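> With the sequence up front, the predicted model follows.
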Amino acid sequence: QVQLVESGGGLVQAGGSLRLSCAASGRTFSSYTMAWFRQAPGKEREFVARISGSGGSTYYADSVKGRFTISRDSAKNTMNLAMNSLKPEDTAVYYCAAALGYGSVRSAGYNYWGQGTQVTVSS
């Protein structure tokens with residue numbers, strides 16, 4: 001069982017930066033692929049970025065590549081998402097997710113979810 005708690009959301013102007021964090025419970029954190037998804041009002045949940053259990057492999061959605069950086073700290077059981085050059089279209093609730101072993105870009109592949117944190121980018 002893994003429990004995930006996100007933090008770090010907020011309101012920022014376009015072009016600004018935010019850093020999201022996800023704190024995970026459990027003693028097998030490195031066994032899980034971790035990911036960020038987001039959901040804007042009226043839209044389906046979409047993949048943002050994922051990082052392998054070791055932290056050695058990352059993958060990003062085209063819409064955030066070059067602007068967002070995903071990382072994890074296994075010693076602290078945390079995962080982070082550094083978001084730079086934010087755009088109004090990045091406005092959404094951001095969710096942290098965990099998948100035992102391999103994690104795809106599909107939300108159905110993730111077993112555990114956080115409650116979400118709101119990110120609002122004003123123009």
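It's in.
> State the mean pLDDT of the strand or helix carrying residue 95.
For residue 95, the host element (DSSP states H and E) is strand 92-100. Averaged across strand 92-100, the pLDDT comes to 97.
> What is the distance between whichever helix or strand comes after that strand and the centre of its chain?
Downstream of strand 92-100, the first helix or strand assigned by DSSP H and E is strand 112-113. Relative to its chain's centre, strand 112-113 lies at 11 Å (Cα atoms, centre = their mean, to the nearest Å).
> Strand 112-113 packs against which elements?
On a contact count with 3 or more Cβ pairs under 8 Å, 6 or more residues apart in numbering; DSSP states H and E, strand 112-113 meets strand 92-100. Yep, even glycine has a C-beta here, placed from its N, CA and C like the rest.
> In three-state terms, label the nearest residue to residue 102 once chain neighbours are set aside for me.
Nearest residue to residue 102, sequence neighbours excluded (Cβ to Cβ, 6 or more residues apart in numbering): residue 33, at 6.0 Å. Assigned with DSSP: H, G, I helix; E, B strand; the rest coil, residue 33 falls in the strand class.
> Quick check: residue 6 touching residue 18?
No: assessed by Cβ atoms under 8 Å, residue 6 is found out of contact with residue 18, at 11.8 Å.
> on that earlier part again, does the strand holding residue 95 pack against any helices or strands, and if so which?
Using 3+ Cβ pairs under 8 Å, 6+ apart, strand 92-100 sits against strand 4-7, strand 18-24, strand 32-39, strand 112-113, strand 117-122.
> Show me which positions of the second one end up buried.
Of the residues in strand 18-24, those with enough neighbours to count as buried (16 or more other Cβ atoms under 10 Å) are 18, 20, 21, 22, 24.
> helices and strands around that strand, which ones?
Using 3+ Cβ pairs under 8 Å, 6+ apart as the contact criterion, the neighbours of strand 18-24 among helices and strands are strand 4-7, strand 32-39, strand 78-83, strand 92-100, strand 117-122.
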